[in-house]
Structures are given as structure tokens and as C-alpha cells.
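Novice: Okay, predicted coordinates and the sequence, questions at the end:
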Amino acid sequence: FHPCPKSFGWPKEVTTDNYTVDQILEEIKTVNAILDVTELKKRKRTFAYPCNNMFIGDSSYKTPLENSNLISYARSGSFDQEIFDKNDTSIDLMNVPSWIVTEGTSFEELKEYVDKVAIQKGIGIIQFHGIGGEWISVSNEAHFKLIEYLNKNKDDILVTRFVDLMKYLESRRLKNDQ
């Protein structure tokens, strides 16, 4: 149900202010079961904290979620254009930072961030919410230009799924632990 804090304007019935940790974990478990059936296999699941909020009321549900083994990796977000080192084995895989792209972000701003990530040979995660008309929208044009730019530079810039990136980071961690 994508629960968010009441202060974000969510209806009372689906606010984290009125949720319990057990309730959100049960919802995640249900969605996982549906995905297992539709994909015909069980796999590592990723999670994006709704509204980048990992709190139910005043309590974080990050640790209970991690201990539940329902999710392997989770993404949070901030307005900072975070870039992290691909060799950093201390990244919390249940609280991976991403840049929340705000309403009206231009292609030039997106390109600038991607270029910074490439120059630093780091990792950057871009969090889009809506493309071309949904809530917190980035224009179709800006998004399309970004895709074109990334495709033109695919030899220098790797674009991958969040789950594959997390598996890579986890494997680096495991190698360092040996």
C-alpha cells in the first residue's frame, strides 16, 4: 500500500503513523509470494523504502526487515547527489543511498550527475518516481535524452539493475571477508 507518514499528505488508513512493523512485513511477505508465483521462482528481492522512510511511527523497521529475510537489499534516498566507491565494502546493503530526482530536473542536471559518477569511477543510483506526468515528474524529454546519453557512452558507463549491483557489492564484501 506504499505507506508514508501522515505529514506527507497520505490518507490516514495508509500512513506509517497507523502501521505496525508486523503489518508492513506481512505486506512485503505477501508481495514476495505473488512475485514468486508470477516469476515461477524465488529470488533475491530488493526493496525501496516508501517515501524513503524506514520508520513506522518513531521506530525504524530496517532491522526487523533485515532479520525477516524477506528482502536482500534495500534502497533509501536523499536529495544529495551521493556517489560511492565501488570498492567500499562497508555500504549498508539494507540502506543504499540514492539521489532523489526532484520535479522538473533537467537533462543537463542528470548528465552532470552521471558525469561526476563516471569521473570518480564510482556508483550512483538515480531514483526516479515519475516520468512524463506522474508524481515528482521528470519530463519524457529529459529522461529520453539521459537514456540516449547513457547508450552513447555505454563503454564508459555501466547501467545495471539495482539487484545486480547489490550482488556485485555483496560479492566484493565476501571476498574481503575471506
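Specialist: It's in.

Novice: and Ser59, what are its phi and psi?
Specialist: Ser59 has phi and psi values of phi -110, psi 130 when expressed as degrees, to the nearest 10.

Novice: Not counting its neighbours along the chain, what's nearest it?
Specialist: Spatial nearest neighbour of Ser59, chain neighbours left out: Val21 (6.9 Å); criterion: C-beta to C-beta, 6 or more residues apart in numbering. For the C-beta atoms, the positions are set from N, CA and C on the backbone; glycine is no exception.

Novice: what's that neighbour sitting at in phi/psi?
Specialist: phi -60, psi -40.

Novice: And the strands in this structure, which stretches?
Specialist: 46-48, 55-56, 59-60, 73-75, 84-85, 99-100, 122-123, 126-127, 130-131, 137-138 (DSSP state E).

Novice: Now the third one: average pLDDT?
Specialist: The reference is to strand 59-60. Across strand 59-60, the average pLDDT comes to 93.

Novice: That one pairs with which strands?
Specialist: Using DSSP bridges, the strands paired with strand 59-60 are strand 55-56 (antiparallel).

Novice: Please, where are all the helices along the chain?
Specialist: Under the criterion DSSP state H, the chain contains helices at 21-39, 62-68, 107-120, 140-152, 162-177.

Novice: which ones are touching the residue nearest to Ser59?
Specialist: 56, 59, 61, 64 (C-beta atoms under 8 Å, 6 or more residues apart in numbering).

Novice: So the last one is in contact with Glu26, correct?
Specialist: Yep, that's Pro64 we're talking about. No. Counting by C-beta atoms under 8 Å, Pro64 does not reach Glu26; the two are 11.6 Å apart.
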